[in-house]
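Asker: What would the 3D arrangement of this be:
(one chain, ligands or ions: 1)
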Amino acid sequence: MAPSTPLGLTGGSRAGAGCQLVRVATPGGNYDIHIGSGLLTNPQTWAGLPAATDAVVVSNPVVWQLFGASLVAAMGPRYRRVTSLLLPDGEAHKDAASLQRIYDHLLQHGCDRRTHLVALGGGVVGDVTGFAAATYMRGVPFVQVPTTLLAQVDSSVGGKTAINHPLGKNMIGAFHQPLRVVCDLDTLATLPQRELAAGLAEVIKYGPIQDDEFLGWIEANLGALLDRQPAALLHAVRRSCEIKAAVVGADERESGLRAILNFGHTFGHAIEAGLGFGTWLHGEAVGCGMVLAARLSAELGLVPGAYVERLGALIGRAGLPTVAPAMPPERWLQLMRLDKKAEAGEIRFVVIERPGCAAVRPAPDALVRTVLERHRDGSDAPAVAGAA
Ligand SMILES: NC(=O)c1ccc[n+]([C@@H]2O[C@H](COP(=O)([O-])OP(=O)(O)OC[C@H]3O[C@@H](n4cnc5c(N)ncnc54)[C@H](O)[C@@H]3O)[C@@H](O)[C@H]2O)c1
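Answerer: I've put the predicted structure just below:
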């Protein structure tokens, strides 16, 4: 794949007080990401969606307890019937059993093809609900209401939906674009700090792959982000969504460019699958994976070592691990060969060609071993160790 060049990004637009819009335009559907405060409780958030009699809100007990009632109060008047289904919390439940529970609920409630599924929660709820929407009666509309930073800046946008297989992350899935994405920044107030940091990994990701200036902005504003200052969160979510929308708009089905969004994910997915889903958070695995992928880029002679130190320092300051968990190198390589970017058994990595510009390349196993050796840890707990 040719290296990415920064895309011509158009700014978002405003939609009434307190709400900004970022447009996503793909062959699979055009829709807006609504970003702002107080969106969940505002009936206007639901205006303009296609008519439907039924809505099914899929969530988990933690998120439902926090936001379920206010969401249903705001959206309820649009529908004849709103029902809810709560899945067990956690990455370990992004699986076939949760998917089956959604199908069971839809069939038991006689839901037809125009039923709206509403995913209220983080990336786990969003991914499994999206896949249910992609497949129930060969596809029904769905709305993403992401309540984690990670889901607001990444997983809710772009139409990738999936469940995990015990042998690999996101191995069963489909592309299915939502009708709308509603990022209410107020929901981030209750997010545990560890989850906020995990979301920052995906925010940081956009800097190396597309926007070096944004990376500089994150470096300068990390304290404000960690303190959840509204203006900083708004900029981070909006800029991340603009970049993701532009990349997905250029390559919805990942035939090329979209793969750059997987920076850090080849190593990261190996960490998640190797340690067992949920041991490290997805964002933690991606944070560490970005340090490893940046080091690989340096070993390939693409970026200087100082760039790896720069990125590692930021990832460490965000509260994310920068040291790889202990796994035999053969196990790492075996897991990474399962990566969806692998071709004919050859592992392909997203590397940084220069700050703000990424490409997908194979790398010799020996070089990968060198990288793992340099960032090795003795324990399998996420080591938050500052710059590696
Ligand atoms: N589809 C995509 O393009 C894409 C992109 C990136 C990541 N992902 C997927 O996203 C998943 C990770 O998502 P995640 O990090 O949101 O994890 P998650 O969905 O497990 O949510 C993290 C935790 O936060 C809790 N939570 C959610 N919102 C909360 C709130 N407002 N207040 C308090 N607690 C809250 C949840 O109950 C959960 O315990 C992974 O499965 C990953 O593969 C998908």
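
Asker: A162 - that's part of a helix, no?
Answerer: No. Going by DSSP: H, G, I helix; E, B strand; the rest coil, the assignment for A162 is strand, not a helix.

Asker: Provide a list of residues in contact with it.
Answerer: Taking Cβ atoms under 8 Å, 6 or more residues apart in numbering, we find A162 in contact with 94, 127-128, 131, 170-174. No exception for glycine: its C-beta is placed from N, CA and C like everyone else's.

Asker: The ligand contacts on the stretch 201-350 of the chain?
Answerer: 282-283 (Cβ under 6 Å from any ligand atom).

Asker: So out of everything in the stretch 201-350 of the chain, what residue is nearest the ligand?
Answerer: Here the residue of the stretch 201-350 of the chain nearest the ligand is H282; by Cβ to the nearest ligand atom that distance is 4.0 Å.

Asker: Near the ligand, which residues of the stretch 51-200 of the chain are found?
Answerer: Proximity of the stretch 51-200 of the chain to the ligand is confined to 60, 62-63, 66, 89-91, 94, 121-125, 127, 147-148, 150-151, 154-155, 158, 160, 170, 187, 190-191, 195, 198 under the rule Cβ under 6 Å from any ligand atom.

Asker: among those residues, which are in strands?
Answerer: 121, 160, 170 (DSSP state E).

Asker: which among these gets closest to the ligand?
Answerer: K160 (3.7 Å).

Asker: Which pLDDT value does the model give the closest one?
Answerer: Note for K160: predicted pLDDT of 97.

Asker: Tell me, how many residues neighbour it?
Answerer: 23 (other Cβ atoms under 10 Å).

Asker: Can you give me every residue that contacts it?
Answerer: So K160 contacts 127, 130, 170, 173, 175 (Cβ under 8 Å, 6+ apart).

Asker: nearest spatial neighbour of the third one, skipping sequence neighbours?
Answerer: Put plainly, it is N170. A162 (3.9 Å; Cβ to Cβ, 6 or more residues apart in numbering).

Asker: For G122, see how far away the spatially closest residue to A189 that is not a sequence neighbour is.
Answerer: Leaving aside its chain neighbours, A189 sits nearest to R228 (6.7 Å; criterion: Cβ to Cβ, 6+ apart). The spacing between R228 and G122, counted by Cβ to Cβ, to the nearest Å, is 16 Å.

Asker: And those two? Which one has more around it.
Answerer: G122 (29 against 15).

Asker: Count residues in the vicinity of the nearest residue in space to G159 that is not next to it in sequence, would you?
Answerer: Spatial nearest neighbour of G159, excluding adjacent residues (Cβ to Cβ, 6+ apart): Q177 at 3.8 Å. Other residues near Q177 come to 25 when the count uses other Cβ under 10 Å.

Asker: same check, this time on Y79
Answerer: Neighbours of Y79 (other Cβ under 10 Å): 20.

Asker: just to revisit the earlier point, buried only: go through the residues of the stretch 51-200 of the chain next to the ligand for me.
Answerer: 60, 62-63, 66, 89, 91, 94, 121-125, 127, 147-148, 150-151, 154-155, 158, 160, 170, 187, 191, 195, 198 (16 or more other Cβ atoms under 10 Å).

Asker: My guess is the residue nearest to G159 contacts G28. True?
Answerer: Yes. Using Cβ atoms under 8 Å, Q177 is in contact with G28, at 4.5 Å.

Asker: residues shared between the contacts of the two?
Answerer: Joint contacts of Q177 and G28 (Cβ under 8 Å, 6+ apart) are 159, 252.

Asker: rewinding a little: looking at the ones in strands among the residues of the stretch 51-200 of the chain next to the ligand, which one is closest to G216?
Answerer: Taking Cβ to Cβ as the measure, K160 is the one of those closest to G216, at 28.4 Å.
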